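Asker: Sequence first, predicted coordinates after that:
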Amino acid sequence: MSIEQWLALGLSSSILLCLPGPANLAVMSYALGYGKAGAIAAVLGTTFGTTAVMLAALTGLVALLSLSPESYSVLEWIGTLYIAIFLIRLVRAPLPRTPLADNDNMRARKLGLIFLDRLVSTALSPKTILLFVSVFAQFVDVLRLEIAHVVTFSSLFAALSLSITSVYAIFAQQIFDGIRATGMRRILKKAPGKTRIGGGKVAFGYRRMAA
């Protein structure tokens with residue numbers, strides 16, 4: 001692979017991981033509500049979860065490409081269409097009239113349960129799986145010839161996921177304050193339902209920390 005291909009793949013993955021979706025918002029919640037230990041558990045769980053989804057998506061796409069190149073071509077176009085629809089819905093969705101979420105009854109959790117919650121929730125999210133498949137469908141033809149490329153990209157993706165979720169955890173307070181003070185709150189209100197719930201968890205974490 002050329003340096004340009006690696007940069008394009010890395011940039012696409014970074015954008016995917018930076019989206020303020022339920023996974024990153026939940027990491028903020030645990031960072032605000034349970035401190036450094038909770039943040040570490042949430043970051044590790046999310047990293048393992050997103051990496052598992054990436055490996056599953058990439059493996060499935062490579063297998064499909066080897067069995068039926070024609071079907072893969074169709075899937076690539078479907079993936080492109082889904083990404084476009086996803087972005088349009090994110091920007092144009094109407095504001096809801098209800099609060100982000102009510103998580104006042106959220107109970108304290110042990111660190112192991114926090115890790116498992118983020119691992120399972122991230123790895124089994126249908127929308128996350130579909131989005132990953134759609135994005136990687138644009139690049140899997142580049143990776144199919146060399147197993148070493150897949151291994152290298154898996155390591156790169158895990159490092160990106162760990163870095164980005166760590167930023168959400170470390171700067172959870174600042175990000176939350178920015179959401180409250182700027183138009184980012186409007187963006188979160190436009191996001192899908194699970195993202196709004198994640199935003200509610202952030203609010204709960206803030207209230208728990210302030211109590």
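Answerer: Noted; the coordinates are in hand.
Asker: What is the top helix by length along the chain packed up against?
Answerer: If each helix of the chain is counted by residues according to DSSP state H, the longest one is helix 22-67. If you count contacts as 3 or more CB pairs under 8 Å, 6 or more residues apart in numbering; DSSP states H and E, helix 22-67 packs onto helix 69-92, helix 111-123, helix 126-136, helix 140-143, helix 147-170, helix 172-181, helix 193-210. (Glycine included, C-beta is placed from N, CA and C.)
Asker: make it 6 Å
Answerer: Judged by 3 or more CB pairs under 6 Å, 6 or more residues apart in numbering; DSSP states H and E, helix 22-67 is in contact with helix 111-123, helix 126-136, helix 147-170, helix 172-181, helix 193-210.
Asker: Between these, which one is closest to Ala56.
Answerer: helix 126-136 (7.3 Å; CB to CB).
Asker: What residues sit buried inside that closest one?
Answerer: Buried positions in helix 126-136, judged by neighbour count with 16 or more other CB atoms under 10 Å: 128-129, 131-136.
Asker: between it and helix 111-123, how big is the angle?
Answerer: 60 degrees (axes from the mean of the first three to the mean of the last three CA atoms, to 10 degrees).
Asker: Quick check: which ranges of this protein have low pLDDT?
Answerer: For the chain, the stretches with pLDDT under 70 are 1, 69, 72, 86-87, 89-109, 140-147, 179-211.
Asker: wait, which of the helices and strands packed on helix 22-67 is closest to Pro20?
Answerer: For the helices and strands packed on helix 22-67, proximity to Pro20 was assessed by CB to CB; helix 193-210 is nearest, at 6.9 Å.
Asker: still on that earlier bit, the longest helix of the chain relative to helix 172-181, how many degrees between them?
Answerer: Going by the same axes, to 10 degrees, helix 22-67 is angled at 100 degrees with respect to helix 172-181.
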